[in-house]
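K.L.:
Next comes the sequence, and after it the predicted model I'd like to discuss.
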Amino acid sequence: MASIYKTSQSRFYFARFSDGSGKRISKSTKTECKREAKRIAAEFESATRKLVAKEAVDSEIPAMIRRAVELAALESQQGRLTLQRAEELIRLMHQAAIPSDTGSSFRRFAGEWLDIKEKDTAATTWRAYSDAVKAAMRCYRIVTCTLLSMMPAEMA
């Protein structure tokens, strides 16, 4: 629960609240009105908790995608990766990253995701993400090419 307090060094109320992970934060409300300060403190806490929750989910996404790519590579090496399984893994990666978006292609999604990640991750982390996406695309291409080569020419 957010609280407010005043210091002798400022005429404004300060908000003190938790970020959801237990960390306590203090921030000026920039208001002298106690009622307004309480409202602002509650808003600060709510917004900060939502951000922390989103960051926690976002940090799980690369691990889920990496695991799906590792599974695809392993199953491919063992000769067990079917088109249906490859599509399932790609769909899982996509749904993990964008649960509400079911219509865009993996290639477009992966490119957009990498562009976003390039701006806010370390270069080595971004390269790891890029390598994982490339590995997934290689698996997809191998499966697609294999299936296309097996199809009669008039169907391809």
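P.N.:
Cool, the structure landed.
K.L.:
packing partners for the helix or strand that contains residue 66?
P.N.:
In this structure, residue 66 is located in helix 34-77 according to DSSP states H and E. For helix 34-77, the helices and strands in contact under the criterion 3 or more CB pairs under 8 Å, 6 or more residues apart in numbering; DSSP states H and E are strand 3-6, strand 13-18, strand 24-28, helix 83-97, helix 123-150. Yep, even glycine has a C-beta here, placed from its N, CA and C like the rest.
K.L.:
if you set the cut-off to 6 Å instead, what comes out?
P.N.:
Helices and strands in packing contact with helix 34-77 are listed as strand 3-6, strand 13-18, helix 83-97, helix 123-150; criterion 3 or more CB pairs under 6 Å, 6 or more residues apart in numbering; DSSP states H and E.
K.L.:
Any chance you could give me the third one in PDB, C-alpha atoms only?
P.N.:
This means helix 83-97. Coordinates of each C-alpha in helix 83-97 appear next as PDB, following Å, rounded to 0.1, in the frame of the first residue of the first chain:
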ATOM      1  CA  LEU A  83       6.300 -30.400 -40.200                       C
ATOM      2  CA  GLN A  84       3.400 -30.500 -37.700                       C
ATOM      3  CA  ARG A  85       5.900 -30.400 -34.800                       C
ATOM      4  CA  ALA A  86       7.900 -27.600 -36.400                       C
ATOM      5  CA  GLU A  87       4.800 -25.600 -36.900                       C
ATOM      6  CA  GLU A  88       3.700 -26.300 -33.300                       C
ATOM      7  CA  LEU A  89       7.000 -25.000 -32.000                       C
ATOM      8  CA  ILE A  90       7.000 -21.900 -34.100                       C
ATOM      9  CA  ARG A  91       3.400 -21.200 -33.100                       C
ATOM     10  CA  LEU A  92       4.400 -21.700 -29.400                       C
ATOM     11  CA  MET A  93       7.200 -19.200 -29.800                       C
ATOM     12  CA  HIS A  94       5.000 -16.700 -31.400                       C
ATOM     13  CA  GLN A  95       2.200 -17.100 -28.900                       C
ATOM     14  CA  ALA A  96       4.700 -16.700 -26.000                       C
ATOM     15  CA  ALA A  97       5.900 -13.400 -27.400                       C
END
